[in-house]
Structures are given as C-alpha cells and as structure tokens.
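Peer 1: Predicted model, plus sequence, below.
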Amino acid sequence: QVQLVESGGGSVQAGGSLRLSCAASLVGFGSYCMAWFRQAPGKQREGVATIATTSETSYADSVKGRFTISKDNAQNTLYLQMNSLKPEDTAMYYCAARQWMCSNYDYWGHGTQVTVSS
C-alpha cells in the first residue's frame, strides 16, 4: 500500500524558515513526479511546487525565490525548503505523486500544518 507521510510543519514567525519532508513508500521513487500542494481555510487547494523525474522543478509565482523543492531518490523522500515565510503561506501542506506525469496525482499524503504569524 502506497503511503506518503509529511512532516516538518509547525508555527513560525514571518521571515522564518521551515523544511517539510514527505516520506514515500513508492517502488521506483525516481520514476514519480512529486509535488507539494497547500490549502488554506476557506480556499481552494493550490499547487506550490513540482519536481519531475528529470529533476526539473517548477513553482507557483507566489513562492518563487523563497521555496525550494528537492528529493532524495535513495531515501524515497521529498523536501520543501521554505524561507522568508509570510502569513499568507499559512496552510495545510500536502505532498502528491504520480508515476511519470506531473498532473492528476494518484497518491496524496494527509498533510502537515504550517502556520506563519506576523
């Protein structure tokens, strides 16, 4: 059974940093496109960052230059380094996976909460 387990969330002040992790029980982790999404209360879920099987990355405009997505194929782990955090980054953060393609993700974690205070 595939599991994606996020960790690393917490409460920080504006300007602070957090690193999220997503441990994935995926066979052939390197063949999966991995992504981070977030959902704030009362808002739709939005894509934050993706990392393709080629390691090509993409980011939402709202996080470019502040967040960095990376992965360790040997450890089956996805990361999201978040710097210069803003109150508007407050949300539940989810990791997602789909083999080969970076869309319509098949697997989702349960999320980790990030709260940024001003």
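Peer 2: Everything's here; your move.
Peer 1: Now do Lys2 against Arg98, distance only.
Peer 2: Wrong residue type there; residue 2 is Val, not Lys. Val2 is 11 Å from Arg98, where distance means CB to CB, to the nearest Å. (C-beta placed from N, C-alpha, C; glycine too.)
Peer 1: Settle it for me: which of those two has more neighbours?
Peer 2: Regarding Val2 and Arg98, a neighbour count based on other CB atoms under 10 Å identifies Arg98 as having more, with 15 against 12.
Peer 1: Go ahead and confirm Leu85 touches Val12.
Peer 2: Yes - using CB atoms under 8 Å, Leu85 makes contact with Val12 at a distance of 5.8 Å.
Peer 1: Need the overlap of contacts for those two.
Peer 2: Taking CB atoms under 8 Å, 6 or more residues apart in numbering as the contact rule, Leu85 and Val12 both touch 18, 114, 116.
Peer 1: Compare these and tell me which is most surrounded.
Peer 2: In terms of neighbours by other CB under 10 Å, the shared contacts of Leu85 and Val12 top out with Val114 at 22 neighbours.
Peer 1: so that residue bridges to which residues?
Peer 2: Gly10, Ala91 (DSSP bridges).
Peer 1: where does it land on pLDDT?
Peer 2: For Val114, the pLDDT comes out at 98.
Peer 1: what residues are up against it?
Peer 2: 9-10, 12, 18, 20, 38, 82, 85, 89-93.
Peer 1: Strands of the chain, residue ranges please.
Peer 2: 4-7, 10-13, 18-24, 32-39, 46-51, 57-59, 67-72, 77-82, 91-99, 107-108, 112-117 (DSSP state E).
Peer 1: isn't Phe29 right next to Ile51, touching?
Peer 2: No - using CB under 8 Å, Phe29 is not in contact with Ile51; the gap is 11.3 Å.
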